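okay, here's the prediction I keep looking at, along with the sequence it came from:
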Amino acid sequence: MALPDLSAALPLPGSSPVTPASTGVLYRRLLREAVAPYAGRFALAGLCMFAVAVSTAALAWLMDPVVNQVFVARRAELLWPVGLAVFATFAVKGIGAYGQTVIMTRVGQTVLTDLQNRLFRHLLEMDLTFFAAHRTGALISRLTTDIAAMRTAVSTALTGLGREALSIIFLVGVMFYQDWLLASVAFVAFPATVIPISTLGRRLRTMTANTQVQTGAFMTLVEQCLSGIRLVKAYRMEDYENARAQRLTSDIRDRIIKTERVKALASPLMETFGGVAVTIVIVYGGWRVIGGETTAGAFFSFITALLSAYRPMKALANANASVNEGLAGAERLFAVLDTKPALHEKSDAVALRVTRGEVRFENVTFSYTGALEALKGISFTAAPGKTTALVGPSGAGKTTVLNLIPRFYDITSGTITIDGHNIADVTLASLRDAVALVSQDVVLFDDSVRANIRYGRAGASDADIEEAARAAGAHEFISALSEGFETVVGERGQGLSGGQRQRIAIARALLKDAPILLLDEATSALDAETERQVQSALERLKQGRTTLVIAHRLATVATADQICVIDQGRVAEDGAHGTLLSKGGLYARLHALQVSPGMAAG
Ligand code: ADP
């Protein structure tokens, strides 16, 4: 099976940094996919924005009549009308700003929540090959830190960006209206401020991308250490893991400091260039008023517009930085969204109807990575309603055989059929509904015992759940828990013993009531009493189902209807226990090892 090149989708530390894709392409995509559904609200926010920008410019323009009519010409009858006009303009500006912020915040945050939900759903739909190629921490970081960067961008930028840009346009209009010559002089300095700032923006985007990659690596490390905490302690690897974590955290710190240093440059740069422009305007404008070439009112209106434009310009420069961080987040998020699952359902797939439950492997070959074949032409038939034990040395391919039945992976060649239906031709939902999986490392979710059992069949009634628990021999210990079925079992089912966790897993499978059962027998030894309880629960579960069990225990193997001995990706021999023993092949040797390890080894 050819694996897609996933390394390009999500860079790992050490690989080349994210290159800033064309900003325009990203903007268009965000607009098309995320913003378009909220176009109406955006238009409303746009209206508010327009009101703010016009009133900002109007305030500057009003300085002309204030100075010329009220102060220079001393016209008392205009005092109140001009004063009221100023007040009305301020009121419109305030209302517009409020409306725009409220609408934009709502839309912006909703858009992000949509994206977050879409990404999570997408992750759940990806196949196992994808998860083998991507580290958990990196994926979590897409859903958390990248979304957070986009949130900051939205709240600081999206809500203000349009408003500031429009205000600047109208203010510039006022400047040119009042004194076009002065305005032209002021704008000589302007391009000089824009160029360094847009260069800074591009640099920032690359730098934050690298920080995010390292943060993902750190999350992976934390996740692995915490979930393997017993291993860390048993091998006394605390110092080693600590050193690894410190290398990553100080690297992240250095990168953030560097980013902030570049960000901090934007503001003083603007201030310096802005100061030059204002100085030139005051000296040159004052000279023109003294010479009688323009009125004091026009000059004050002009300078008010220029000074009013300073704050939005600065805001734009700062917004640029956080927009770039948000865009870097969006770029990485889209990279994951664009990775399509390699495993497909056929367009004409039909629902699988299991009648007898016969599982047949015909000459199946499969490889995880493309190079090494894990299965090299396996053929066997698991008889309906019977138990087939898979035995063989570790690494032989037993787990792989089980993984292929619910189609976690696609095979390279050969066929797998259930009651004669090729599993590649049926819908994934119907196939997975037909199969129940009980593996040795029982996964319990951080939820109530009841919810954990209900995982077997969504919508199962409380009575069904309790009946399944009873059949699995779990009812007694569950009832003894502090809150019975409502007790929340912690992450990984802490607080429950290994045997108890297994019986909850068996109850889950009983509730599912699927015709085909895949069992991965626990290797870790349970005490004799627990073992007996788990075994009798398993016997009940196996009844009437086609069971494929990876068997580690002699008892399981001996009672199986059929034994399939797998060695190096092939079926070495199969048959009943007695037949295989008398044959004196691999099975007989494995059997001798288990019965009397000392003798066999000697
Ligand atoms: P068993 O269950 O008999 O111990 P497995 O089916 O787990 O053996 O493994 C069969 C072979 O496939 C081994 O060589 C193993 O290294 C390889 N393998 C198992 N899982 C993966 C995986 N996720 N990616 C790559 N190779 C794998």
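Sure thing, it's come through. Numbers count the residues shown, from 1 in each chain.

quick one: pLDDT of Gly275?
If you check Gly275, the pLDDT there is 76.

on the three-state scheme, Thr369 is what?
Under DSSP: H, G, I helix; E, B strand; the rest coil, Thr369 falls in the coil class.

repeat for Gly395
Here Gly395 is coil, with the state taken from three-state DSSP.

what about it, neighbour count?
Neighbours of Gly395 under the rule other C-beta atoms under 10 Å: 12. No exception for glycine: its C-beta is placed from N, CA and C like everyone else's.

also the one 3 residues further on?
Neighbour count for Lys398, taken as other C-beta under 10 Å: 23.

ok, now Leu226?
Using other C-beta under 10 Å, Leu226 is surrounded by 10 other residues.

quick check, it in a strand?
No: Leu226: not assigned to a strand; according to three-state DSSP it is helix.

and it, how far from the ligand?
Distance from Leu226 to the ligand, counting by C-beta to the nearest ligand atom, to the nearest Å: 22 Å.

repeat for Thr89
Distance, Thr89 to the ligand, using C-beta to the nearest ligand atom: 67 Å.

what helix or strand is that residue located in?
Thr89 is part of helix 79-125, with elements assigned from DSSP states H and E.

packing partners of that helix?
Packing partners of helix 79-125 (3 or more C-beta pairs under 8 Å, 6 or more residues apart in numbering; DSSP states H and E): helix 39-65, helix 147-152, helix 159-178, helix 296-338.

okay if I get these as a markdown table plus mean pLDDT, distance to Phe445 and mean neighbour count?
Shown next, in a markdown table, are the helices and strands packed on helix 79-125 (pLDDT from 0 to 100; distance: least, C-beta to C-beta, whole Å; neighbours: other C-beta atoms under 10 Å):
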| stretch | mean pLDDT | distance to Phe445 | mean neighbour count |
| --- | --- | --- | --- |
| helix 39-65 | 91 | 37 | 19 |
| helix 147-152 | 85 | 23 | 19 |
| helix 159-178 | 88 | 38 | 21 |
| helix 296-338 | 85 | 23 | 22 |
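
adding distance to Pro515, write the ones you listed out as CSV.
Formatted as CSV, the helices and strands packed on helix 79-125 follow (distance: least, C-beta to C-beta, whole Å):
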stretch, distance to Pro515
helix 39-65, 50
helix 147-152, 42
helix 159-178, 56
helix 296-338, 36
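
of the ones you listed, which is nearest the ligand?
helix 296-338 (20.3 Å; C-beta to the nearest ligand atom).

return the distance of that closest one from the chain's centre.
Taking C-alpha atoms, centre = their mean, to the nearest Å, the mean C-alpha location of helix 296-338 is offset from the chain mean by 29 Å.

okay, Val276 and the ligand: tell me how far apart.
Val276 is 63 Å from the ligand, by C-beta to the nearest ligand atom.

and whichever strand or helix holds that residue, what other elements does it pack with?
For Val276, the element it lies in under DSSP H and E is helix 238-290. Under the contact criterion of 3+ C-beta pairs under 8 Å, 6+ apart, helix 238-290 touches helix 180-186, helix 190-227, helix 296-338.

where does the protein have low pLDDT?
1-22, 158-159, 188-198, 270, 274, 318, 490-494, 522-526, 596-602 (pLDDT under 70).

got the residues of it near the ligand?
Within reach of the ligand by C-beta under 6 Å from any ligand atom, the chain has these residues: Ala132, Tyr368, Thr369, Ala374, Gly392, Ser394, Gly395, Ala396, Gly397, Lys398, Thr399, Thr400.

and the furthest pair within these?
Based on C-beta to C-beta, the longest span within the residues of the chain next to the ligand runs between Ala132 and Gly392 and measures 22.9 Å.

closest to Phe485 out of the helices and strands packed on helix 79-125?
That would be helix 147-152 among the helices and strands packed on helix 79-125, by C-beta to C-beta, at 35.1 Å.

packing partners for the closest one?
The contact analysis (3+ C-beta pairs under 8 Å, 6+ apart) places helix 147-152 against helix 79-125, helix 296-338.

give me the domain ranges for the protein.
The record's domain parsing of the chain by automatic domain parsing lists 23-337, 344-434+514-602, 446-508.

tabulate the ones you listed (CSV), appending distance to Gln440.
Shown next, in CSV, are those (distance: least, C-beta to C-beta, whole Å):
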stretch, distance to Gln440
domain 23-337, 16
domain 344-434+514-602, 4
domain 446-508, 8
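
show me the residue at the heart of the protein, geometrically.
When C-alpha atoms, centre = their mean is applied to the chain, the residue found nearest the centroid is Leu143 (3.5 Å).

distance check, it against Glu238.
From Leu143 across to Glu238, the span is 29 Å (C-beta to C-beta, to the nearest Å).

again with Ile411
Counting by C-beta to C-beta, the gap from Ile411 to Glu238 is 43 Å.

neighbour count winner among these two?
Between Ile411 and Glu238, Ile411 has the larger neighbour count (other C-beta under 10 Å), namely 21 against 12.

assign that one to helix, strand or coil.
Assignment for Ile411 (three-state DSSP): coil.

which residues touch the nearest residue to it once chain neighbours are set aside?
Leaving aside its chain neighbours, Ile411 sits nearest to Phe366 (4.7 Å; criterion: C-beta to C-beta, 6 or more residues apart in numbering). Taking C-beta atoms under 8 Å, 6 or more residues apart in numbering as the criterion, Phe366 is in contact with Met1, Glu373, Ala374, Leu375, Thr400, Leu404, Tyr409, Ile411, Thr412.

excluding residues flanking it in the chain, which one is nearest the second one?
Okay, so that is Glu373. That would be Ser367: by C-beta to C-beta, 6+ apart, it lies 4.6 Å from Glu373.

that neighbour and Lys398, how far apart?
16 Å.

contacting residues around the residue of the stretch 1-150 of the chain found nearest the ligand?
Across the stretch 1-150 of the chain, the shortest distance to the ligand (C-beta to the nearest ligand atom) belongs to Ala132, at 5.3 Å. By C-beta under 8 Å, 6+ apart, the residues touching Ala132 are Tyr368.

how about a cut-off of 7 Å?
Residues in contact with Ala132 (C-beta atoms under 7 Å, 6 or more residues apart in numbering): none are found.

ok but it is inside a helix, no?
Yes: the assignment for Ala132 is a helix, going by three-state DSSP.

roughly how far apart are it and Thr369?
Distance, Ala132 to Thr369, by C-beta to C-beta: 9 Å.

neighbours of the closest residue to Lys583 other than its chain neighbours, how many?
Excluding the flanking residues, the one nearest Lys583 by C-beta to C-beta, 6+ apart is Glu573, at 6.7 Å. Using other C-beta under 10 Å, the number of residues around Glu573 comes to 16.

quick one: Glu573 is in a helix?
No: using three-state DSSP, the assignment for Glu573 is strand, not a helix.

wait, doesn't it sit right on Leu586?
Yes: using C-beta atoms under 7 Å, Glu573 is in contact with Leu586, at 6.4 Å.

overlap in contacts, the two.
Common contacts of Glu573 and Leu586 (C-beta under 7 Å, 6+ apart): Val565.

hang on, the earlier thing: figure out which of the helices and strands packed on helix 147-152 is closest to Val67.
With C-beta to C-beta as the yardstick, what comes closest out of these is helix 296-338 (3.9 Å).

any buried residues in the very next helix or strand once past the closest one, and which?
Next helix or strand after helix 296-338 toward the C-terminus (DSSP H and E): strand 359-366. Neighbour-count burial for strand 359-366 flags Val359, Arg360, Phe361, Val364, Thr365, Phe366 (criterion: 16 or more other C-beta atoms under 10 Å).

what's the closest of those residues to the ligand?
Once C-beta to the nearest ligand atom is applied, the member of these that ends up nearest the ligand is Phe366, at 8.8 Å.

look up which residues are beta-bridged to the closest one.
Leu375 (DSSP bridges).

from Tyr409, how far out is it?
In terms of C-beta to C-beta, Phe366 sits 7 Å off from Tyr409.

ok, now Thr199?
Taken as C-beta to C-beta, the span from Thr199 to Tyr409 is 47 Å.

neighbour-wise, which of these two wins?
Neighbours per residue (other C-beta under 10 Å) separate Thr199 from Tyr409, with Tyr409 holding more: 20 against 10.
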